[in-house]
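1. Return a 3D structure for these sequence lines:
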Amino acid sequence: PDFLQVTRSVTKRNFDLFRADHAPFVMHRAFNAMLTGRPGPVHVEIPLDVQTATGDAQVTFASVLPGRYDVVGSAPGYAKTFGSVIVSTGPSTVKLTLTKGASVSGLVRNEAGAPVAGARVMFSGASDWGTQADERRDAVMSDDGGRFTIPALAAGSFRFVARHPQYAPGTSALVTLDGKTPVDNVAITVPAGATVRGVVVDGTGAPQGSARVRIGVRDNSMIGDAPRQTFSNDAGEFELAGLPRKDMAAVAVHEIGASATVPVSLLAGDVKDLRLVLDQTGTIAGIVVDPAGEPIEGVQVSAGPNFGGRRGRGPGGGGGPDMGEFRLRGFARDLTDAEGKFVLTGLASGSYRVRASRGQAASRGREFAQEGTEVDAGTTNVRIVLQPDGAIAGKVQFADGEAPQAFTVSLGMNTESVLSPDGSFKVDGVSPGD
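-> Down below sits the predicted model:
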């Protein structure tokens with residue numbers, strides 16, 4: 001079919017790429033067209049012989065806003081390769097080396113042995129923890145016979161996870177790949193799931209819509225599967241299906257407050273009448289100013305675990321911070337308004353660490369690199385003086401004087417990948433501190 005003609009009515013522009021060495025020019029034009037004026041889709045037709053051409057190729061992304069970006073490279077017969085780049089004020093470069101890969105196929109079944117169609121299957125690296133699938137980009141769907149195929153994965157050890165709205169997640173046995181030989185016998189069993197239905201109300205019993213409901217395995221850890229979440233409707237009702245039949249915990253978070261953490265046992269199956277009451281209304285409020293005392297707008301303020309606080313003063317009372325509680329609820333966050341003011345709501349009683357970060361540092365996950373201020377829930381006059389961000393520059397080299405071209409730089413709990421021809425690096429947007 002004439003794909004250019006088919007897509008003409010639904011795209012801004014159409015382009016042909018007939019030579020691999022023309023890729024930088026064509027892709028530059030395509031991205032400019034996509035981002036100029038009102039953003040919209042463009043279509044680039046790349047014949048198979050161009051897709052499979054060997055050699056290096058360069059692609060330029062123009063008009064990219066500052067921040068951290070994941071870059072993914074793929075081609076037929078090659079595994080997806082992932083990289084990370086930080087874009088600042090000048091040009092940024094990331095090099096991706098594609099590795100040959102082989103296809104992986106298998107079957108998703110339920111506990112009765114029947115094939116399960118419509119399951120989303122993802123890979124999870126075991127030999128390389130950094131090789132994890134993104135469900136939005138990398139998941140493949142099982143067909144009517146429960147079959148699935150991942151086009152190419154590089155050598156390594158993997159587990160494969162299947163998710164379906166009507167079943168609990170299922171995981172395959174460990175599979176070792178050589179990157180050359182296709183594997184077609186991966187078996188994934190999805191166990192029977194459970195559904196939780198309920199309602200979110202305020203302290204007077206009135207239903208509350210738009211509350212965020214999170215349900216997850218209850219333990220004192222930040223490691224493991226992320227909690228599942230949904231939102232209540234206008235009548236305060238919510239439903240979450242496909243949960244594992246385990247002892248779970250649920251919480252509701254809303255702009256007027258939060259609920260207590262409620263144990264939910266799904267060992268026997270569905271729960272139909274869970275009631276979450278938004279009766280935790282503790283707040284921390286205050287203002288963020290610069291060293292001259294002027295309020296700062298648009299600063300992200302968060303309240304997190306107080307690891308170094310007074311013993312027994314962690315949120316909820318008992319013996320220090322409960323990491324499982326923070327993992328289930330997430331961190332309370334707010335952006336300062338035009339007067340520099342913020343309000344963090346839905347907090348249990350206890351002690352917190354409150355941190356303020358400008359957008360650049362917060363977007364790069366550096367907010368926890370600073371010590372923060374110890375504050376008790378209920379405090380409404382917090383004043384945070386935010387110093388100007390700084391930068392750390394340096395150079396990395398081996399003992400013989402040679403410089404690595406790819407390395408990582410760690411700052412607090414945050415690690416950033418660096419590509420540099422001479423081993424030099426600069427980490428900007430750094431909050432002041434030791």
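
2. And Val72, how far from Arg136?
-> Noted for Val72: a distance of 12 Å to Arg136, by Cβ to Cβ, to the nearest Å. C-beta coordinates here come from the backbone N, C-alpha and C atoms, glycine included.

3. who has more neighbours, the two?
-> Val72 (12 against 7; other Cβ atoms under 10 Å).

4. For the more buried one, give me its contacts.
-> 80-83, 96, 137 (Cβ atoms under 8 Å, 6 or more residues apart in numbering).

5. Give me the nearest residue to Ala154, chain neighbours excluded.
-> Ala79 (3.9 Å; Cβ to Cβ, 6 or more residues apart in numbering).

6. partners of that neighbour in the sheet?
-> Thr99 (DSSP bridges).

7. Who are the contact partners of it?
-> So Ala79 contacts 98-101, 152-154, 179 (Cβ under 8 Å, 6+ apart).

8. Make a markdown table out of those residues and add pLDDT, distance to Phe231 and neighbour count.
-> Shown next, in a markdown table, are these (pLDDT from 0 to 100; distance: Cβ to Cβ, whole Å; neighbours: other Cβ atoms under 10 Å):
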| residue | pLDDT | distance to Phe231 | neighbour count |
| --- | --- | --- | --- |
| Leu98 | 79 | 40 | 16 |
| Thr99 | 80 | 40 | 15 |
| Lys100 | 85 | 44 | 12 |
| Gly101 | 90 | 38 | 24 |
| Ala152 | 92 | 37 | 22 |
| Leu153 | 91 | 35 | 23 |
| Ala154 | 87 | 38 | 21 |
| Gly179 | 89 | 42 | 15 |
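
9. from those, which is closest to Glu111?
-> Leu153 (26.9 Å; Cβ to Cβ).

10. so how far is Val71 from that closest one?
-> Counting by Cβ to Cβ, the gap from Leu153 to Val71 is 19 Å.

11. low pLDDT regions in the stretch 101-250 of the chain?
-> Scanning the stretch 101-250 of the chain for pLDDT under 70 picks out 130, 220-224.

12. List the buried residues in stretch 71-91.
-> 73-75, 78-83, 85-86 (16 or more other Cβ atoms under 10 Å).

13. export those residues to a markdown table and tack on secondary structure and distance to Gly372?
-> Shown next, in a markdown table, are those (DSSP: H, G, I helix; E, B strand; the rest coil; distance: Cβ to Cβ, whole Å):
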| residue | secondary structure | distance to Gly372 |
| --- | --- | --- |
| Gly73 | strand | 38 |
| Ser74 | coil | 41 |
| Ala75 | coil | 45 |
| Tyr78 | strand | 44 |
| Ala79 | strand | 41 |
| Lys80 | coil | 38 |
| Thr81 | strand | 37 |
| Phe82 | strand | 32 |
| Gly83 | strand | 32 |
| Val85 | strand | 29 |
| Ile86 | strand | 24 |
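
14. Identify, from these, the entry nearest to Gly236.
-> Phe82 (40.9 Å).

15. pLDDT score for the closest one?
-> pLDDT, Phe82: 69.
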